[in-house]
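Peer 1: Build the 3D model from these lines:
(one chain, ligands or ions: 2)
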Amino acid sequence: MSSDERYQALKGMQDILPPDIYIWQKIEAAAREIFPLFGFKEIRPPIVELTSVFTRSIGENTDIVEKEMYTFNDKAGRSISLRPEGTASVVRAYVENHLHNLPSPQKFFYSGPMFRYERPQSGRFRQFYQTGVELFGSSSPKTDAEVILMLGRFLEKIGLEGLSFQINSIGCEKCRPGYKESVTGFFSDRHDNLCPDCRRRLNLNPLRILDCKVGRCVEMRNGAPQIIDYLCEDCKTHFDKLKSMLSAVGVKYTVNPEMVRGLDYYTRTTFEVTSGTLGAQNAVAAGGRYDKLVKAFGGPETPAVGFAVGMERIVELLKRSGQPDLPVPDIFIAFIGDAAETQSMLIAERIRGAGYWAELGDSEASLKSHMRRADRLSAKYVFIIGDEEINSKTIKWKKLSDSEQGETPISGLTDFLLENITRH
Ligand code: ATP
Ligand code: MG
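Peer 2: Ligands and ions are numbered 1, 2, ... in the order given. Down below sits the predicted model:
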């Protein structure tokens, strides 16, 4: 690289910096607060897995596997991939660590980066973050309702309103084949008008046509067969119970019969949360039931349900409703002279020990420039320490918001902090 070239982050990948990071932290804190109230524990699978972990679960003929995976050979020639989503890794971990031997249901949440080689655009990145949950060992529609309810509580906790919940059932291995056949028939008649991707999907994965975002494919869907009319008795009962439970706990939803989701592993319930204000990439969270996946990974038959929240999209929504309060130093210590410099460091340590943020001025600076810096940092209080203060074992203080001033004995430092400053 020559000296006039600049290093840049890879396309579709971004640095998350202050002040945005405080929004991220607020969301992550809400996840850590809400999910455990429903019994979910954190899990941290690796970011890289054998490629087959993803291809087998997400499905060979999905956008993610066909086009979007970061796949490499490692030095031993194994094909490995950066995870494009969380569920496959969590299921692999569940089976590999025999977590099915623990009492059911087992509930996990995760949070971290995902990677998809997509065309970067608003709301779509190549490294993006998801916070998600997975619940193993319950086939009850009550569980689906509870997971959706928990997602609602989480979004409420971070202050997001006006989002809409859409639900659907995509049936099971009994009823979906019949539906697939009808869909194939419907679109075969319209083959020539489909986009090139959908023409291919017609043979490989016809349900995906219902998910296509190309204008002419969207139009053509008018009058397509709807899964709701093809559900078997068990799937229908499951869906009806889910709907009545959501209503009972006050979750407002709409049924979207076109929501088939872009991953192959779903069975029965699928759901999505969308925002009316995000434009084309409007889904902020998505999930569903995947009753066959644990078995496919070599575990026992284990029904499961989960969701993933797209962090960038909720950060974007929160940014629109106002910037977060930036943290400011509690105390800025301005000192004059060498003796006071050492004393300042000791006092700063006591302040931090008591749980408050202390900033120290620079050695060379004059009192005036110390004060200027304290101002620029919006410190709550300035402590001024010079020879005189060392002799009298006191600190001069000044409150920057109203210029109130006073003195406090160094021995009473902790009391001063407790009385005057709310801790972080
Ligand atoms: P989309 O229809 O937006 O492509 P998807 O079906 O690929 O979504 P999932 O795999 O279900 O999405 O992921 C769940 C959530 O993760 C999405 O609802 C979205 O909020 C977020 N997400 C997915 N892909 C990206 C991306 N490339 N950049 C940012 N967020 C993403
Ligand atoms: Mg996608």
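
Peer 1: Give the full set of residues in contact with the closest residue to residue 312 other than its chain neighbours.
Peer 2: In space, and not counting its chain neighbours, residue 312 is closest to residue 128: 5.4 Å by CB to CB, 6 or more residues apart in numbering. From N, CA and C alone the C-beta is placed, and that goes for glycine too. For residue 128, the contact set (CB atoms under 8 Å, 6 or more residues apart in numbering) comprises 113-114, 116, 310-312.

Peer 1: Please apply the same query to residue 253.
Peer 2: Residue 253 is in contact with 148, 164-167, 243, 246, 271, counting by CB under 8 Å, 6+ apart.

Peer 1: ok, and the closest non-adjacent residue to it?
Peer 2: residue 165 (4.2 Å).

Peer 1: What separation do you get for the one you found and residue 371?
Peer 2: 53 Å (CB to CB, to the nearest Å).

Peer 1: related to what we said a few turns ago, secondary structure of the residue nearest to residue 312: a helix, I assume?
Peer 2: No: under DSSP: H, G, I helix; E, B strand; the rest coil, residue 128 sits outside any helix and is assigned strand.

Peer 1: bridging residues for the closest residue to ligand 1 within the stretch 1-150 of the chain?
Peer 2: Nearest residue of the stretch 1-150 of the chain to ligand 1 (CB to the nearest ligand atom) works out as residue 128 at 3.4 Å. Counting by DSSP bridges, residue 128 is bridged to residue 114.

Peer 1: Run a quick neighbour tally on residue 214.
Peer 2: Applying other CB atoms under 10 Å, we find 14 residues neighbouring residue 214.

Peer 1: Show the contacting residues for it.
Peer 2: Residue 214 makes contacts with 195, 197-198, as judged by CB under 8 Å, 6+ apart.

Peer 1: what about stretch 138-154 and ligand 1, any contact?
Peer 2: No: shown here: stretch 138-154 not in contact with ligand 1 (CB under 6 Å from any ligand atom), separated by at least 11.5 Å.

Peer 1: got the buried residues for that stretch?
Peer 2: By 16 or more other CB atoms under 10 Å, the buried positions in stretch 138-154 come out as 138-139, 141, 143-154.

Peer 1: Now the closest residue to ligand 1 within the stretch 201-350 of the chain. Nearest residue, chain neighbours left out?
Peer 2: Of all residues in the stretch 201-350 of the chain, residue 310 sits closest to ligand 1, with a separation of 2.0 Å (CB to the nearest ligand atom). Among residues not flanking residue 310 along the chain, residue 284 sits closest, at 5.6 Å (CB to CB, 6+ apart).

Peer 1: can you confirm the one you found is in a helix?
Peer 2: No: using three-state DSSP, the secondary structure at residue 284 is strand, not a helix.

Peer 1: ok, residue 330 to residue 416 distance?
Peer 2: From residue 330 across to residue 416, the span is 11 Å (CB to CB).
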